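[1] Structure for the following, please:
(chains A and B)
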Amino acid sequence: MSVDTAVAHDVAEHTAGEKQAWTGAKSPFKSSYGKLMMWYFLLSDSFTFAGFLIAYGTLRFSMKAWPVPDFVFSLFPFTGDAKMPLVFVSFMTFVLLFSSFTMIRAVQEGHRENRSGVVKWMIITVIGGAMFLGCQAWEWSTLIVKEHMSVTTNPFGTHLVDGVYLDDEHGHAYAAGAERETFEEGSSYLLHKHEGEWTQRSYEVTSGIDEGQIAKQEFGPKAFGALFFFITGFHGFHVLSGVLFLIIIAINVASGLYVKRKNGYEMVEKMGLYWHFVDLVWIFVFLVFYLL
Amino acid sequence: MSAHTYEESKSIALKTIIVLAVITVIEVAIALVGKGYAIPGWAPYDTAYIGSFPIGKAVMYLLMIGMSVYKAYLVIFEFMHMKYEVRNMMRSVMVPTVLLIWAIIAFFCEGTYWRNTRAGIEDKDRTEVETSMTPRGPATTELSRPSEH
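    The predicted structure is shown next:
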């Protein structure tokens, strides 16, 4: 706020009542234009994300079965095929939470005009954001390269009946006398792809009205892949843009650009609002995709 | 703006992040324990029912959703400083999100309707196959088999 408007503001407050509210010198929300507009941008962005997540819920409700998160997201880097449900995504969540905390510290240092403190904490935040993106890259590449999920193909299926397999894991008929694998209703499976060919094991149904019939493993709900890649991708893109802007603003801080403004590093504060919003959205993406 | 001193706001931030981390751990624990990964043979997610109502699942979902909403509250009101803004500004941002409650109710009802419609179509397909197949072919021999013995 410049000196002139500050004076006008005081005058307006002292000399008159409500009529003066329309002269333009008042700031009823006691917040700067930039911060207020950041809030409204984030409000609109939250509606975009909410639309995506509600679409996910709607499609999930419309299906008899849906991929089970702790079956789909159960791998951890460098541990091969060991099943560790939700461990890796929890780690990602902590990384993002931690970067939110370091961002707060940057904003607080900004309030006391401590330039080197702001730069230090912003750099740590950038590292946190980059780590999160790295984790997401690993998660995506595991799903795409190893488990062959794509926007249109979802190999994660769920059995709707009890049954006994007629083929072994490689899709060949069991040898005579070999013990056959059985499964229960509600159990999950991952279809394997070998040299471009999908293996869909056939089985005999042992429960329900189709008892005795022969069926084969089907693909899971198609929408799952598209929803996963679009929603986590949209969030990841927010993180990526956040990291880029954090770097730009950190460079500006380091160069002393905001020292002259003497507004407690408001640009860092606005960036902080955006960064916390990314964390906020992740809370719900984490809930909807991984916990429920 | 916050009326806290630098040291105070520093400790508030630290406390908030610890609370957020602890809640996240509890959420993951509920998901894993409830689905039977921690205690062998105890999985209320799949097994706890009152009549046909999956009470285990419902309680787990309510707890996890409630905790996530509380986490969101902490992030917005502490980390993003909404608590220390003018009340009307807070309302101008928070009140519009109430619309989402209706969006969730309406769309989830719609999703359930789609599922029921699909199930109805599947049922119909099955009945038509049965009625058109019974008079001739292998189905007849299938039916007459019990009388042979």
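[2] Domains of chain A: list them as residue ranges, please.
    According to automatic domain parsing, chain A comprises the domains A:33-151+A:223-291, A:156-216.
[3] how far away is the residue of chain B found nearest chain A from B:Ile50?
    Across chain B, the shortest distance to chain A (Cβ to the nearest Cβ) belongs to B:Gly111, at 3.0 Å. In short, each C-beta sits where N, CA and C put it, glycine included. To B:Ile50, B:Gly111 is 24 Å away according to Cβ to Cβ, to the nearest Å.
[4] higher neighbour count, these two?
    Neighbours per residue (other Cβ atoms under 10 Å in any protein chain shown) separate B:Gly111 from B:Ile50, with B:Gly111 holding more: 20 against 9.
[5] what packs against the helix or strand where the more buried one lies?
    If you go by DSSP states H and E, B:Gly111 is part of helix B:99-133. For helix B:99-133, the packing partners by 3 or more Cβ pairs under 8 Å, 6 or more residues apart in numbering or on different chains; DSSP states H and E come out as helix A:33-61.
[6] Moving C-terminal from the helix it packs on, which element do we reach first?
    Next element after helix A:33-61 (DSSP H and E): helix A:69-72.
[7] rewinding a little: compile the domains of chain A into TSV and extend it with columns for mean neighbour count.
    Compiled in TSV, the domains of chain A are given as follows (neighbours: other Cβ atoms under 10 Å in any protein chain shown):
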stretch	mean neighbour count
domain A:33-151+A:223-291	18
domain A:156-216	14
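[8] out of these, which comes closest to chain B?
    Comparing these by Cβ to the nearest Cβ, domain A:33-151+A:223-291 comes nearest, at 3.0 Å.
[9] How about the contacts made by A:Phe78?
    By Cβ atoms under 8 Å, 6 or more residues apart in numbering or on different chains, A:Phe78 lies in contact with nothing.
[10] Confirm it sits in a helix?
    No: applying DSSP: H, G, I helix; E, B strand; the rest coil, one finds A:Phe78 to be coil, outside a helix.
[11] Identify the residues contacting residue 56.
    Picking chain A for this. So A:Tyr56 contacts A:227, A:231, A:288-289 (Cβ under 8 Å, 6+ apart).
[12] um, chain B though
    B:34, B:43-49.
[13] can you rerun that using 10 Å?
    B:34-35, B:43-50 (Cβ atoms under 10 Å, 6 or more residues apart in numbering or on different chains).
[14] Now do the helices in chain B.
    B:6-34, B:44-47, B:55-74, B:87-94, B:99-133, B:138-148 (DSSP state H).
[15] How about the stretch 151-292 of chain A?
    Under the criterion DSSP state H, counting those that start in this stretch, the stretch 151-292 of chain A carries helices at the ranges A:223-255, A:266-285.
[16] With mean pLDDT and distance to chain B added, can I get these in JSON lines?
    Below are the helices of the stretch 151-292 of chain A laid out as JSON lines (pLDDT from 0 to 100; distance: least, Cβ to the nearest Cβ, whole Å):
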{"stretch": "helix A:223-255", "mean pLDDT": "95", "distance to chain B": "11"}
{"stretch": "helix A:266-285", "mean pLDDT": "95", "distance to chain B": "5"}
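[17] Look at A:Ser32 and say how many residues are nearby.
    15.
[18] Can you give me the pLDDT of it?
    On pLDDT, A:Ser32 comes in at 87.
[19] now swap in the one 4 residues further on and tell me
    Among the per-residue scores, A:Leu36 shows a pLDDT of 93.
[20] Kindly report the same for B:Ala3.
    68.
[21] what does A:Trp22 give?
    At A:Trp22, pLDDT is 68.
[22] Can you pull the poorly scored residue ranges out of chain B?
    Applying pLDDT under 70 to chain B picks out residues B:1-3, B:128-149.
[23] what residue is smack in the middle of it?
    B:Tyr61 (5.2 Å; Cα atoms, centre = their mean).
[24] show me the contacts for it.
    So B:Tyr61 contacts A:287, A:291-292, B:30, B:34, B:45, B:54 (Cβ under 10 Å, 6+ apart).
[25] returning to what we had before: distance-wise, check the nearest residue to the residue of chain B closest to chain A once chain neighbours are set aside relative to B:Met64.
    Leaving aside its sequence neighbours, B:Gly111 sits nearest to A:Phe61 (Cβ to Cβ, 6 or more residues apart in numbering or on different chains; 3.0 Å). Separation of A:Phe61 from B:Met64 (Cβ to Cβ): 17 Å.
[26] And A:Asp167, by the same measure?
    38 Å.
[27] What of A:Arg261?
    From A:Arg261 to B:Met64 the distance is 43 Å (Cβ to Cβ).
[28] same check, this time on A:Glu113
    Distance from A:Glu113 to B:Met64, by Cβ to Cβ: 42 Å.
[29] do the same with B:Glu78
    If you go by Cβ to Cβ, the gap between B:Glu78 and B:Met64 works out to 21 Å.
[30] Check B:Ala72 too.
    B:Ala72 is 13 Å from B:Met64, by Cβ to Cβ.
[31] which one of these two has more residues nearby?
    Higher neighbour count among B:Ala72 and B:Met64: B:Met64, with 20 against 17, using other Cβ under 10 Å.
[32] Was I right to think that one contacts A:Leu287?
    Yes: between B:Met64 and A:Leu287 a contact is recorded at 6.3 Å, counting by Cβ atoms under 10 Å.
[33] list residues touching both of the two?
    B:27, B:31.
[34] can you pull the contacts of the closest residue to A:Ile283 other than its chain neighbours?
    Leaving aside its sequence neighbours, A:Ile283 sits nearest to B:Lys71 (Cβ to Cβ, 6+ apart; 5.0 Å). Taking Cβ under 10 Å, 6+ apart, we find B:Lys71 in contact with A:93, A:97, A:279-280, A:283-284, A:286-287, B:19-20, B:23-24, B:27.
[35] how about a cut-off of 7 Å?
    Contacts for B:Lys71 were tallied using Cβ atoms under 7 Å, 6 or more residues apart in numbering or on different chains; they are A:283, B:20, B:23.
[36] Can you flag the buried ones in the contacts of B:Gly56?
    Buried members of the contacts of B:Gly56, counted by 16 or more other Cβ atoms under 10 Å in any protein chain shown: B:34-35, B:43-45, B:48.
[37] got CSV for those residues, with distance to A:Phe237 too?
    What follows is those, written out as CSV (distance: Cβ to Cβ, whole Å):
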residue, distance to A:Phe237
B:Gly34, 32
B:Lys35, 31
B:Ala43, 37
B:Pro44, 38
B:Tyr45, 33
B:Ala48, 40
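[38] Switch those residues over to a markdown table; also include distance to chain A.
    As requested, those are arranged in a markdown table below (distance: Cβ to the nearest Cβ, whole Å):
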| residue | distance to chain A |
| --- | --- |
| B:Gly34 | 10 |
| B:Lys35 | 6 |
| B:Ala43 | 11 |
| B:Pro44 | 15 |
| B:Tyr45 | 10 |
| B:Ala48 | 15 |
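[39] Could you work out the most separated pair of the residues you listed?
    B:Lys35 and B:Ala48 (11.8 Å; Cβ to Cβ).
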